[in-house]
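Student: A predicted structure for the sequence below; I have some questions about it.
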Amino acid sequence: MLRRTKILATLGPATDNPRVLDELIHAGVDVVRVNLSHGSHDDHRKRAAAVRERAYSCGREVGILADLQGPKIRIGRFAQGKVQLEEGARFSLDGDCPPDAGDQTRVGHTFPALVRDAATGDTLLLDDGAIILQVEAIRGNSVDCRVLVGGELSNNKGINRQGGGLSAPALTDKDRDDIRFAAEIEADYVAVSFVKSAADVITARELLRAAGGEGGIVAKIERAEALDHIEDIINASDAIMVARGDLGVEIGDAELPAVQKRLIKQARSLNCVVITATQMMQSMIASAIPTRAEVFDVANAVMDGTDAVMLSAETAAGKYPVKAVEAMDRVCREAEKQSEVRRSDHRLNTVFGRVDEAIAMASMYTANHLGVTAIAALTESGSSAKWMSRIGSSIPIFALTRHAATRRKVTLYRGVYPVSFDVLHTDQNLVNQEVIDELLKPGTVHENDLVIITKGDRSGVEGQTNIMKIMRVGEHRLSPTE
């Protein structure tokens, strides 16, 4: 059984060994993430080149996602490296505190607008919510707080406001430079951190196109206020990422599961790809097996319909990067056997505005009700395959395209598998025959299997899919008189 849910793995020091990279690809990684919050452009350039080289050697298509850092709203550093904050103590986030002079009573920070954004009574969360402060007063450049939940606090930890509302822009000067770098390495996707509105996505896309990049834009949903504009954000994006770390801090951990389920459903209903991320198998940074809770977490995301599940530090810096991918692979496969994952009533009552979209939906309805073994979508941009992948099914969708960028883009789509096929160098009278012959090579289909083929009258032209044809393997070859 081909795994339908895609696995996205973060590159880092733990994956720099070529042997480990080969093992990751063989274990089933579909897309790799380069985290631009860490490392230099040279580091990431080498990693991207290594992925492309090793994927080619392994006969695989592997996409690359460049993840922007976004605004760093962090405390400064302590003179002793860390402090222990006691419940009930007073502690200030002081813009006038020197960068390395934090102590038991105050620490500097990187966000001058904090004194404008914070108000008396606000709850501020440090270090992903491990430390909780309540604002008691704003005094000059200092936000004076009382410690509600204490503990150890060390250098450069993040600051969140419960409920959101910090005004930092989604794209910093560093991000703009990193977008140009993403275009240089031909990243297939660029993930924008701390998106607040569709305008952030549109701006990132404009900057990427201006730099010559053709990748898709992923909106990371990690701010509370993004939820107020989520439909517009989804419609502006190629994919969204449910980034559960900061989002959970801002909206509260108890609300997060329901929000995740709603985001997955809403993204799919609006024909957008969705990635579920953050701490999916966190224990595997140091353990060779996941916890049962992590297994349930991954399986639930799969059964809810996520396109991809993501590994972060588990592969970037963990002791067992390959085992983490293997564990995620087997959990996804088992979850995909459940009947609720294989059926969908998505868009049954929708009126379509495009012929190619209608063909894609008709193909999936037919495939799910006719006992079809495979679907072959001849595509230029990958749109037909993406529309098909929104429908719950156990039937593999093969995106046959001459464009390497399209083959890498579809690596993120649930249930879609890229195949190199140049329709312009194929006799148009023999296209159907050659498509099925292509699927016969790896044993994807067999004699007497039914296959659906979608294509356009005008080969090689984007957006022209207007034909759905049902073929039976073994009867697909033309006779000498045809």
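Tutor: Received the coordinates, thanks. Keep in mind it's a predicted model, so treat the numbers as computed, not measured. Residues are numbered from 1 along each chain as shown.

Student: Break this structure into its domains for me.
Tutor: 6-70+169-336, 82-161, 355-472 (automatic domain parsing).

Student: Just the terminal-to-terminal distance for the last one.
Tutor: Translated: domain 355-472. 25 Å (CA to CA, to the nearest Å).

Student: what pLDDT does the nearest residue to S283 once chain neighbours are set aside get?
Tutor: Leaving aside its chain neighbours, S283 sits nearest to T291 (5.0 Å; criterion: CB to CB, 6 or more residues apart in numbering). The way it works is simple: take the backbone N, C-alpha and C, and place the C-beta from them, glycine included. On pLDDT, T291 comes in at 98.

Student: one step back: G76: which of the domains of the chain is closest?
Tutor: domain 82-161 (3.3 Å; CB to CB).

Student: what bits of the stretch 301-450 of the chain have low per-residue confidence?
Tutor: 341-351, 426 (pLDDT under 70).

Student: sorry, that was for the stretch 51-200 of the chain
Tutor: For the stretch 51-200 of the chain, no range has pLDDT under 70.

Student: mind listing the helices for it?
Tutor: Per DSSP state H, counting those that start in this stretch, the stretch 51-200 of the chain carries helices over the ranges 114-117, 173-184, 198-210.

Student: a markdown table for those, including distance to D253 and mean neighbour count?
Tutor: Below are the helices of the stretch 51-200 of the chain laid out as a markdown table (distance: least, CB to CB, whole Å; neighbours: other CB atoms under 10 Å):
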| stretch | distance to D253 | mean neighbour count |
| --- | --- | --- |
| helix 114-117 | 23 | 16 |
| helix 173-184 | 28 | 18 |
| helix 198-210 | 25 | 18 |
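
Student: For K157, find the nearest of those.
Tutor: helix 114-117 (14.1 Å).

Student: what's that closest one packed up against?
Tutor: strand 142-149 (3 or more CB pairs under 8 Å, 6 or more residues apart in numbering; DSSP states H and E).

Student: measure V147 to G129 for me?
Tutor: As defined by CB to CB, to the nearest Å, V147 lies at a distance of 13 Å from G129.

Student: oh, I was asking about C145
Tutor: 15 Å.

Student: neighbour count winner among the two?
Tutor: More neighbours surround C145 than the other of C145 and G129, with 25 against 19 (other CB atoms under 10 Å).

Student: which secondary structure elements does the helix or strand harbouring H369 contact?
Tutor: Per DSSP states H and E: H369 is located in helix 355-370. Under the contact definition 3+ CB pairs under 8 Å, 6+ apart, helix 355-370 sits against strand 374-378, helix 383-389, strand 450-456, strand 465-472.

Student: The longest one pairs with which strands, parallel or anti?
Tutor: The one in question is strand 465-472. Counting by DSSP bridges, the strands paired with strand 465-472 are strand 450-456 (antiparallel).

Student: any chance of the helices of the stretch 51-200 of the chain in a markdown table, with distance to E340 too?
Tutor: Shown next, in a markdown table, are the helices of the stretch 51-200 of the chain (distance: least, CB to CB, whole Å):
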| stretch | distance to E340 |
| --- | --- |
| helix 114-117 | 43 |
| helix 173-184 | 37 |
| helix 198-210 | 31 |
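
Student: hang on, the earlier thing: output the helices and strands packed on helix 355-370 in CSV, with mean neighbour count appended to each entry.
Tutor: Supplementary listing: the helices and strands packed on helix 355-370 in CSV, determined by neighbours: other CB atoms under 10 Å:
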stretch, mean neighbour count
strand 374-378, 27
helix 383-389, 26
strand 450-456, 22
strand 465-472, 16
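
Student: Tabulate the ones you listed in CSV, adding columns for distance to A137.
Tutor: Formatted as CSV, those follow (distance: least, CB to CB, whole Å):
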stretch, distance to A137
strand 374-378, 61
helix 383-389, 52
strand 450-456, 64
strand 465-472, 62
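
Student: Among those, which comes closest to R54?
Tutor: helix 383-389 (24.6 Å).

Student: which residues touch that closest one?
Tutor: Outside helix 383-389, the residues within contact range by CB atoms under 8 Å, 6 or more residues apart in numbering are 271, 273, 307, 356-357, 359-361, 363-364, 375, 377, 379, 397, 399, 410, 413-416, 454, 462-463, 465.

Student: ok, of those residues, which come out buried?
Tutor: Neighbour counting by 16 or more other CB atoms under 10 Å classes 271, 273, 307, 356-357, 359-361, 363-364, 375, 377, 379, 397, 399, 410, 413-416, 454, 463, 465 among the contacts of helix 383-389 as buried.
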